[in-house]
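A.B. asks: Here is the input, now give the coordinates:
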Amino acid sequence: MNILVTGGAGYVGTNLIPELIKEGHSVKCLDRFFFGTDFLSSTEFEGKLELIRDDIRWFDPKILSTIDLVFDLAALSNDPVGELNPEKTFEINYLGRVRVATESKKAGVKQYVLASSASIYGQQSTIATETSTVKPITAYSKANRNAEIDVLKLHDESFCVSVLRFSSLYGVSPRMRFDMSVNEMVLNLFKDKKIVVRGKNNQRPFLHVKDAVDAYKLIINGNKNKIGGEIFNVGDEKQNYSIGSLAKNISKSIDVNCDLEFGDNNDHRSYTASFKKIRDILNYKSTRTLEQGSLEIYESLKSGKITDSIETITLKWYQYIQSNPKYLKIHSINDKFL
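C.D. replies: Predicted coordinates for the structure are as follows:
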């Protein structure tokens, strides 16, 4: 199968693309490559992966002419980054991805999958299902919800559209990030022997990044009559945690004496989610635990496999590029950075 992955050089995409290639698919990766191309430059990908440096807002639709399936991951990723420039977040995460879906349908692509986030639930007093009333709080989550609504309108018998609402992700990735709750906590523990806990009673579902990849792999061969026009929460009820219990479990799993430092909380999101629908329809099951993922990050830091450079904090990296004329020129297309 010929697959286009937008945003494929990011945290999830650099885990997903190698798996797609292993399964025999040919892949095109459309990305701005703000974090470089090294993550996808392995010789084993030669002849199986095409890297396209472009933007979902203005790429040439001709690249879709041979594509069977689109995984649309491109976005200004996570809630803090979305607040950097809400207007651009709306333009990219909403309008840009609707454009990808629209052009895909015009080009005869058979299947389109939108990467969304459970953060659109905002605040929930009961466990959230796909039919729960969403309460997006941030520019990032509002753009996700708008994109969901408009791409699902495009679904029909010849164009299968599905939405995956992912839990908060964690775990080691070629394009490593430390601006995600679990990853950041493990980094704090590794560097300072303490974990900073903000909003200890806030709740959130969590998921290993490789389990997120497994959901993409399953939906490729899903029954189109059952996945078409549908939204799926992706995660595991066993990994619905309060932020306070999350920190305690991370500390326990790594078995390092550390302090828990409770800080101010500006994040008002608090929700848990049900994952029954994706289990029933796609037979999806996560196989990695928080304890395994936390220890994996810690050991990778300890061995030097991963480090906490400025590029691992997406917001700081974007701000650095914008303040540095040399890097701004390198990362701009059509004289535009964002």
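
A.B. asks: just the helices in the stretch 1-150 of the chain please.
C.D. replies: 13-22, 79-84, 86-89, 97-107, 139-152 (DSSP state H, counting those that start in this stretch).

A.B. asks: Now render these as JSON lines, adding distance to Lys277.
C.D. replies: C-beta: built from backbone N, CA, C; applies to glycine. Shown next, in JSON lines, are the helices of the stretch 1-150 of the chain (distance: least, Cβ to Cβ, whole Å):
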{"stretch": "helix 13-22", "distance to Lys277": "22"}
{"stretch": "helix 79-84", "distance to Lys277": "24"}
{"stretch": "helix 86-89", "distance to Lys277": "28"}
{"stretch": "helix 97-107", "distance to Lys277": "22"}
{"stretch": "helix 139-152", "distance to Lys277": "15"}
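
A.B. asks: Adding mean neighbour count, write those helices out as JSON lines.
C.D. replies: Output for the helices of the stretch 1-150 of the chain, formatted as JSON lines (neighbours: other Cβ atoms under 10 Å):
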{"stretch": "helix 13-22", "mean neighbour count": "22"}
{"stretch": "helix 79-84", "mean neighbour count": "19"}
{"stretch": "helix 86-89", "mean neighbour count": "17"}
{"stretch": "helix 97-107", "mean neighbour count": "20"}
{"stretch": "helix 139-152", "mean neighbour count": "22"}
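
A.B. asks: what's the closest of these to Ser251?
C.D. replies: Comparison of the helices of the stretch 1-150 of the chain against Ser251 by Cβ to Cβ identifies helix 79-84 as nearest, at 23.9 Å.

A.B. asks: quick revisit: check the helices of the stretch 1-150 of the chain for me: which has the lowest mean pLDDT.
C.D. replies: Among the helices of the stretch 1-150 of the chain, helix 79-84 has the lowest mean pLDDT, at a mean of 81.

A.B. asks: lowest-pLDDT helix or strand in this structure?
C.D. replies: Ranked by mean pLDDT, DSSP states H and E, the weakest helix or strand in the chain is helix 79-84, scoring a mean of 81.

A.B. asks: elements contacting that helix?
C.D. replies: Here helix 79-84 touches helix 86-89, helix 139-152, helix 314-323, going by 3 or more Cβ pairs under 8 Å, 6 or more residues apart in numbering; DSSP states H and E.

A.B. asks: The stretch 151-300 of the chain: helices as residue ranges?
C.D. replies: Under DSSP H, counting those that start in this stretch, the stretch 151-300 of the chain gives helices at 181-192, 209-220, 224-227, 243-254, 276-282, 290-303.

A.B. asks: What's the per-residue pLDDT of Asn334 here?
C.D. replies: If you check Asn334, the pLDDT there is 84.

A.B. asks: The closest residue to it other than its chain neighbours: neighbour count?
C.D. replies: Of all residues not flanking Asn334 in the chain, Trp58 sits nearest, at 7.1 Å (Cβ to Cβ, 6 or more residues apart in numbering). Trp58 has 11 neighbouring residues, counting by other Cβ atoms under 10 Å.

A.B. asks: doesn't Val100 make contact with Trp58?
C.D. replies: No - the criterion here is Cβ atoms under 8 Å, and Trp58 misses it with Val100 at 11.3 Å.

A.B. asks: mind checking which of the helices and strands packed on helix 79-84 is nearest Gly222?
C.D. replies: Nearest of the helices and strands packed on helix 79-84 (Cβ to Cβ): helix 139-152, 15.7 Å.

A.B. asks: Give me the residues contacting the closest one.
C.D. replies: 72, 75-79, 81-83, 86, 89-90, 92-94, 97-98, 101, 112, 114, 116-117, 119-120, 122, 134, 136, 161, 163, 229, 231 (Cβ atoms under 8 Å, 6 or more residues apart in numbering).

A.B. asks: are any of the residues you listed buried, and which?
C.D. replies: The neighbour-count criterion (16 or more other Cβ atoms under 10 Å) marks 72, 75-79, 81-82, 89-90, 92-94, 97-98, 101, 112, 114, 116-117, 119-120, 122, 134, 136, 161, 163, 229, 231 among the contacts of helix 139-152 as buried.
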